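*Asks:* No sequence on hand, only this structure:
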C-alpha cells in the first residue's frame with residue numbers, strides 16, 4: 001500500500017516536518033507541528049487528508065483524519081530566535097564554474113524568519129556579474145522560501161520551522177568580469193548583521209600580461225603573457241604561458257602547459273604531464289613536482305622536496321632542502337643536492353654528482 005498526504009494548517013500552528021510521500025506499505029512516518037509566531041494557547045485541530053491509499057482491488061481517496069493538538073505558544077515565532085553571532089562567511093570566487101559559497105549560523109532564526117545575503121555592492125564594485133545567477137541550498141534545513149533575486153542581487157532564506165546549525169549556499173551561473181574583490185552583507189529578522197570580504201581571480205586570456213594582488217586562472221586553450229600575482233596560479237590542460245611566472249603563492253599546471261620561460265613561486269610548484277619550462281623553477285618556501293614526461297631546460301631549486309615524475313627531464317641541477325625523488329626513467333643532467341635523502345628509481349639517472357644528507 002502507498003500513502004500520500006497533505007495537511008491543513010491552522011492559524012496558530014504550522015508544520016515543522018511533514019509526512020514523507022509516498023509511504024510504503026508496512027512503513028510509518030511522523031508529522032511534527034510547532035508554534036507559528038503567535039503567543040496564544042488552546043486546542044488546534046490538524047487535518048490529514050489521505051490523497052490515495054491503494055492495495056489489490058481497493059482504492060481509498062480523499063479520506064480525512066482530524067487530530068486535536070493542545071498547545072501553548074510563547075510568541076517567539078515557533079522556536080529559534082536570539083542574538084547569537086551570524087558567523088557569516090563568503091568564500092573566494094572559484095573560477096571553475098564559476099561558483100561561490102556562503103555560510104551562516106542559523107541557530108537564532110525562528111519559524112518564518114528571513115535571512116538575506118546582499119550582493120548588490122559586489123555587483124557594482126567587484127569583478128563579478130551576478131545577473132542570471134542561481135542559488136542552491138547545499139547543506140542545512142529546507143526553507144519555506146529560498147532563492148536569488150536578480151532585481152535586488154540578494155539571496156533570501158525564509159526558515160521553515162526551527163532552524164539550527166550552519167546553512168551553506170552555493171551560487172552558480174554568474175560571470176567573472178575582473179579581478180577586483182568584493183564584500184557580501186548578511187542580515188536577518190532577528191536583527192543580526194555581518195559582512196565578509198572575498199577575492200575574485202584574474203582570468204588570463206588573449207596572450208596578455210597579468211598583474212594582480214590575488215590569484216590567476218588560465219583556462220584550457222587560453223594563452224597568457226607574463227604573470228605577476230600575489231596569490232596562486234592555476235593553469236588548465238592545453239593552456240599556454242608565453243612568458244614568465246612570478247607569484248607569491250603556489251603554481252599548479254594541470255596537464256600539458258607549454259612555452260613557460262621560468263617559474264618563481266613563494267609556495268609549491270606542480271607541473272603537469274608533458275609540460276615544458278624553458279629556464280629555472282624556484283619554490284622559495286615549498287616543494288617542486290615536475291610531471292611525467294615534462295622537461296625543465298634550467299635548474300630546479302626548492303626549499304622543501306623535489307620529485308621528478310616518470311620520464312621527466314631536468315637539464316641542469318636540482319637543489320632541495322629535503323628529499324629528492326627521481327621516478328622511473330627520470331633524468332637529471334646536472335648535480336643533485338638534497339637536505340634529505342635522494343631516491344633514484346629503476347631506469348632513472350643522475351649524470352652529475354649526488355650530495356645528500358640521508359641518515
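*Replies:* Nice, I can see it. None of the values given here were measured: they were computed from a predicted structure.
*Asks:* so where is this structure shaky, pLDDT-wise?
*Replies:* 1-43, 46, 48-57, 59-60, 63, 68-84 (pLDDT under 70).
*Asks:* Now do the helices in this structure.
*Replies:* Using DSSP state H, the helices of the chain run over residues 120-125.
*Asks:* Show me how it divides into domains.
*Replies:* As assigned by automatic domain parsing, the chain contains the domains 2-72, 89-198, 202-355.
*Asks:* Which stretch among those is buried most, on average?
*Replies:* With neighbours taken as mean count of other Cβ atoms under 10 Å, these reach their highest mean count in domain 202-355, at a mean of 20. To be clear about C-beta, it is placed using only N, CA and C from the backbone, and glycine gets the same treatment.
*Asks:* Can you give me the end-to-end span of it?
*Replies:* Domain 202-355 has an end-to-end distance of 41 Å (Cα to Cα, to the nearest Å).
*Asks:* With stretch 293-309 instead?
*Replies:* 7 Å.
*Asks:* what distance separates it from the centre of its chain?
*Replies:* Its chain's C-alpha centre and that of stretch 293-309 lie 30 Å apart, by Cα atoms, centre = their mean, to the nearest Å.
*Asks:* Over to stretch 179-199?
*Replies:* Chain-centre distance of stretch 179-199: 17 Å, with Cα atoms, centre = their mean.
*Asks:* end-to-end on it?
*Replies:* With Cα to Cα as the measure, stretch 179-199 spans 8 Å from end to end.
*Asks:* Any chance you could list what contacts it?
*Replies:* Stretch 179-199 is touched from outside by 81-93, 100, 102, 104, 108-110, 113-119, 121-122, 125-128, 200-203, 212, 214-215, 231, with contacts defined as Cβ atoms under 8 Å, 6 or more residues apart in numbering.
*Asks:* if we go to 6 Å?
*Replies:* 81, 86, 88-90, 92, 104, 108, 113-119, 121-122, 126-127, 200, 202, 212, 214 (Cβ atoms under 6 Å, 6 or more residues apart in numbering).
*Asks:* cool, stretch 131-147 as well?
*Replies:* Contacts of stretch 131-147 (Cβ under 6 Å, 6+ apart): 148, 155, 157-158, 160, 163, 167-174.
*Asks:* Can I get these in CSV including distance to residue 347?
*Replies:* Shown next, in CSV, are the contacts of stretch 131-147 (distance: Cβ to Cβ, whole Å):
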residue, distance to residue 347
148, 55
155, 56
157, 58
158, 64
160, 63
163, 60
167, 54
168, 48
169, 51
170, 46
171, 49
172, 46
173, 49
174, 49
